[in-house]
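Q: Sequence first, predicted coordinates after that:
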Amino acid sequence: MNNFKSPVNLVINKYFIPDSQDMPERRYDLDWLRILVFFLLIFYHIGMVYVANWGYHFKSEYQSSFLANLMLLISPWRMAVLWLISGIAIRFLLVKVSLWHYISMRSLRLLLPLLFGILIIVPPQLFVEMTVNGDLNLSYWQFSQAFFSSDSEVFAKYQSGIWPHIDVNHLWYLRSLWQYSLGLLLLLPLLNAAWLTKVVNWIVTQDGLWAIIIAIIPIFAIQLIIEGETTREVLGFTFLLYGYLLGWNSVFWQRLVNNSYLLLKCSVFGSIIFICCYQFIWLDEGVKDNEALQLIALLSYSSMRILGLLTVLAWSSKYLNKTSKYLSYFSDAVFPFYILHQTIIIVLAYWLAQYNFGVVVEVILVIMLTLFGCVIGFEIIRRSEFLRPCFGLTLRNNYSAAMKKTSYLAATLLIVPLGWGILN
């Protein structure tokens with residue numbers, strides 16, 4: 001009787017749980033890569049303040065067109081890396097916990113920080129944006145009162161978001177990751193199917209050029225067919241699926257390492273083409289209606305999403321697959337840094353702009369003070385049992401079962417309206 005399993009459990013185990021026999025050892029390179037990409041995101045968003053031709057919540061009077069070329073080196077693949085790692089992590093997680101535990105764990109870990117973020121961390125960004133645009137002439141205290149008022153007319157021009165004038169802003173990654181984590185469950189019978197595993201195994205054993213072309217085709221098709229922010233969402237989910245399907249494939253990783261130098265050369269060449277396309281096609285109004293050139297530029301963008309991703313994975317697999325006493329610290333720091341950094345950047349840049357320090361001094365101050373603010377913020381957060389779950393960290397103390405149930409219930413009641421707002 002102890003070995004009896006209900007028909008429901010048998011179906012779940014067969015179709016929804018990955019085969020643990022294929023599970024590899026923990027990949028520390030992916031942990032390090034996740035840390036490095038989030039750290040790179042801080043500098044990318046600092047760059048958004050100073051790059052010309054790209055919109056942002058606050059723009060400095062010191063803007064550079066050349067800076068765009070540097071940012072384009074990482075722009076195609078930076079989010080692709082995070083989504084692919086997320087897909088791999090989900091597969092590991094599904095082996096270790098039940099589906100219900102998976103849903104509740106992902107919801108609490110993602111939606112609670114998102115709720116705290118959009119209500120507490122993000123509003124200063126909106127305050128700066130509205131002030132600079134001339135749509136606000138209030139103190140931050142007055143702004144806060146209006147922000148949490150349901151009938152304020154202050155935000156007449158800023159109504160988009162989960163709720164009126166309340167949006168995810170830079171925390172869209174948390175929202176999308178929660179959506180993808182649930183949406184992936186519907187595809188698990190397909191993703192775990194033996195025939196699909198055979199198809200993936202066949203693709204990764206093909207000639208490298210053809211394998212890369214096969215990976216590029218869906219990305220190019222998505223960018224060609226879908227428009228607006230929906231493109232970002234579909235691309236993110238696609239890379240998440242890539243991670244789920246490829247993350248446990250040992251042949252895939254070995255081929256990346258073996259071809260790391262070739263991938264690097266191709267990425268350098270591809271980046272040059274992509275930057276040229278940006279400068280001479282996307283910025284040139286004279287060829288705006290030339291469909292052939294636009295397709296070439298779009299293809300170069302799609303290609304660099306894949307080539308850049310594969311290159312970064314190859315080199316991190318080659319040199320970063322090792323643990324360290326610092327890994328746990330920096331892994332915990334990722335979410336707090338991510339949640340805090342953009343608000344710190346925008347508030348700092350807005351404040352420093354009033355003193356006319358000059359571009360060099362201002363940029364150095366923004367970088368140093370942003371990093372300092374993130375570190376101080378994290379040090380405070382990791383020492384607070386109240387703040388830890390608000391920034392995606394687990395509690396440190398071992399509480400009683402009754403206390404845990406009460407906390408989970410309270411957190412669930414808090415995030416249900418947010419989840420409903422996101423799904424609708």
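A: Arrived safely.

Q: contacts, neighbours, all on C-alpha from now
A: OK.

Q: Check the spacing between Phe39 and Val375 real quick.
A: 12 Å (CA to CA, to the nearest Å).

Q: repeat for Phe269
A: Phe269 sits 37 Å away from Val375 when distances are taken as CA to CA.

Q: And Gly419, by the same measure?
A: The span separating Gly419 from Val375 equals 30 Å under the rule CA to CA.

Q: for His170, same thing?
A: Plainly put, His170 is 19 Å away from Val375 if you go by CA to CA.

Q: now do Arg232
A: When CA to CA is applied, the distance between Arg232 and Val375 equals 30 Å.

Q: Compare neighbour counts for Phe269 and Val375 and give me the winner.
A: Neighbour tally, Phe269 and Val375, criterion other CA atoms under 10 Å: the higher count belongs to Val375, 17 against 12.

Q: Not counting its neighbours along the chain, what's nearest the more buried one?
A: Setting aside the residues directly before and after it, Val375 is nearest to Phe337 in space (CA to CA, 6 or more residues apart in numbering), at 7.6 Å.

Q: The spatially closest residue to Leu263 that is not a sequence neighbour: neighbouring residues, count only.
A: Of all residues beyond its chain neighbours, the one nearest Leu263 is Thr311 (5.4 Å), with distances taken as CA to CA, 6+ apart. By the criterion of other CA under 10 Å, Thr311 has 24 neighbours.

Q: Quick one: name whatever helix or strand follows the helix or strand harbouring Thr311.
A: With elements taken from DSSP states H and E, the one containing Thr311 is helix 291-319. Once the chain leaves helix 291-319, the next helix or strand it forms, by DSSP H and E, is helix 327-352.

Q: Looks to me like Ile212 is in a helix.
A: Yes - secondary structure assignment (DSSP: H, G, I helix; E, B strand; the rest coil) places Ile212 inside a helix.

Q: need the contact list for it.
A: Ile212 makes contact with Ile306, Leu307, according to CA atoms under 8 Å, 6 or more residues apart in numbering.

Q: for Ala349, what are its contacts?
A: Taking CA under 8 Å, 6+ apart as the definition of contact, the neighbours of Ala349 are Val49, Phe58, Ser60, Glu362, Val366.

Q: Which parts of the stretch 151-300 of the chain are helices?
A: For the stretch 151-300 of the chain, helices defined by DSSP state H, counting those that start in this stretch occupy the ranges 172-191, 194-204, 208-225, 229-246, 250-258, 260-277, 291-319.

Q: Can you list the low-confidence ranges for the chain?
A: Along the chain, the model assigns pLDDT under 70 to residues 1-15, 424.

Q: May I ask which helix or strand encompasses Cys374?
A: Since the elements are taken from DSSP H and E, Cys374 ends up inside helix 359-381.

Q: May I see the buried residues of that helix?
A: The neighbour-count criterion (16 or more other CA atoms under 10 Å) identifies 362-363, 365-367, 370-371, 373-375, 377-378, 381 as the buried residues of helix 359-381.

Q: Leaving out sequence neighbours, find the closest residue to Leu320.
A: Of all residues not flanking Leu320 in the chain, Asp29 sits nearest, at 4.5 Å (CA to CA, 6+ apart).

Q: contacting residues for the closest residue to Val204 other than its chain neighbours?
A: Of all residues not flanking Val204 in the chain, Phe252 sits nearest, at 5.7 Å (CA to CA, 6+ apart). In this structure, Phe252 makes contact with Val204, Thr205, Leu246, judged by CA under 8 Å, 6+ apart.

Q: and the first one, how far is that from Thr343?
A: With distances taken as CA to CA, Val204 is found 42 Å from Thr343.

Q: Likewise for Gly161?
A: Relative to Thr343, and taking CA to CA, Gly161 is found at 17 Å.

Q: what about those two, which has more around it?
A: Remark: of Gly161 and Thr343, Thr343 carries more neighbours, 20 against 13, as counted by other CA under 10 Å.

Q: Please name the nearest non-neighbouring residue to the more buried one.
A: Using CA to CA, 6+ apart, the nearest residue to Thr343 is Gln125, at 5.7 Å.
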